[in-house]
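In: Need coordinates for the below:
(chains A, B, C and D)
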Number of protein chains: 2
Amino acid sequence: MSDNEYLCAESETVKAVLEKMPPDEMLYDLAELFKIFGDTTRVKILYALFESELCVNDIATLLGITQTAASHQLRVLKTNKLVKARKNGKMIFYSLSDDHVTKIISQGMEHIEE
Amino acid sequence: MSDNEYLCAESETVKAVLEKMPPDEMLYDLAELFKIFGDTTRVKILYALFESELCVNDIATLLGITQTAASHQLRVLKTNKLVKARKNGKMIFYSLSDDHVTKIISQGMEHIEE
DNA sequence: ATAACATATGAACAGATAAACATATATGCA
DNA sequence: TGCATATATGTTTATCTGTTCATATGTTAT
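Out: Down below sits the predicted model:
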């Protein structure tokens, strides 16, 4: 049939799947996105922001972490456009940047609750 | 008003958010779930399985990784109930265990495509 | 029984990463 | 201007994680 180097399955299937695979770069970006949700601190922050915008210190207090830790994670979230920041005097209020975040987390929750 | 240790925001807000937060364990599990999607190899495997069930060697070939690497990641996916395995002689065919996987990935993709 | 194939497992190594600590920037107030 | 507050940044460290290599298990055919 063909000159496969292995024999375990039909090359037709492999070929068909290969054609439908999105480009590597897209899959890489997708993994990077999920990686951001893959940390307890960040998930907690996002979940907290479901309810209302919050300043850094509130987030830190809420989660029982240091201000530094909160700031570092907020930076990650902001860099990846999952949260946006609003400045008000000394304080910076963070909020979810769009409802995709909510949807993704909700979908994940559904999978957990079983 | 109250005896906050910090002064940047109203404790009312923090209190309200705190009450609506899911238990820590649930948020931990949620992060653990997303962590699994947060790896290029695993995302590729899952995406490949969108199309059809595949044996280990096919997956390895498809992604251009070693059989060992594929096996290790499939173990992670199986342990976390994201894929299931079907044995057929020498071969083991893996497939998605439920459509939550598809939904979660699709939701992620939507966020990427912007 | 033995050889070839398909997959799994265990250990070791390298790269990634989250938290902690110290410090810097910036804003508001006396 | 000087001081306290709010947040950010840089660096180091400890931990985690994915891959590789070597090897083991299990299956089929001759």
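In: Strands along chain A, start to end?
Out: With DSSP state E as the criterion, chain A has strands at A:54-55, A:83-88, A:91-96.
In: At which residues are the helices of chain A located?
Out: A:11-20, A:24-37, A:40-51, A:56-63, A:67-79, A:99-112 (DSSP state H).
In: just checking, A:P22 touches B:A48?
Out: No. Using C-beta atoms under 8 Å, A:P22 is not in contact with B:A48, being 10.7 Å away. Bear in mind the C-beta positions are built from the backbone N, C-alpha and C, glycine included.
In: Who has more neighbours out of those two?
Out: Per other C-beta atoms under 10 Å in any protein chain shown, whichever of A:P22 and B:A48 has more neighbours is B:A48, with 21 against 15.
In: Minimum distance to B:V17: which of the helices of chain A has it?
Out: The closest approach between B:V17 and any of the helices of chain A, judged by C-beta to C-beta, belongs to helix A:40-51 at 4.5 Å.
In: how much space between A:H72 and A:N88?
Out: Distance, A:H72 to A:N88, using C-beta to C-beta, to the nearest Å: 21 Å.
In: When these two are compared, which one has more neighbours?
Out: Relative neighbour count places A:H72 above the other of A:H72 and A:N88, with 13 against 9, counting by other C-beta under 10 Å.
In: For the more buried one, give its distance to A:T41.
Out: A:H72 sits 9 Å away from A:T41, taking C-beta to C-beta as the criterion.
In: can you check A:D98 too?
Out: Between A:D98 and A:T41 the computed distance is 21 Å (C-beta to C-beta).
In: okay, the two: which has more neighbours?
Out: Neighbour totals were compared for A:D98 and A:T41, and A:T41 leads with 17 against 13 (other C-beta under 10 Å).
In: Relative to A:N80, how far out is the closest residue to the more buried one other than its chain neighbours?
Out: Closest residue in space to A:T41, ignoring its immediate chain neighbours: A:Q73 at 5.3 Å, by C-beta to C-beta, 6 or more residues apart in numbering or on different chains. With distances defined as C-beta to C-beta, the gap from A:Q73 to A:N80 amounts to 11 Å.
In: Check A:I112 too.
Out: Distance check for A:I112 against A:N80: by C-beta to C-beta, it reads 22 Å.
In: What of A:L49?
Out: Between A:L49 and A:N80 the computed distance is 14 Å (C-beta to C-beta).
In: These two - which one has more neighbours?
Out: It is A:L49, of A:L49 and A:N80, that has more neighbours when counted by other C-beta under 10 Å, with 23 against 15.
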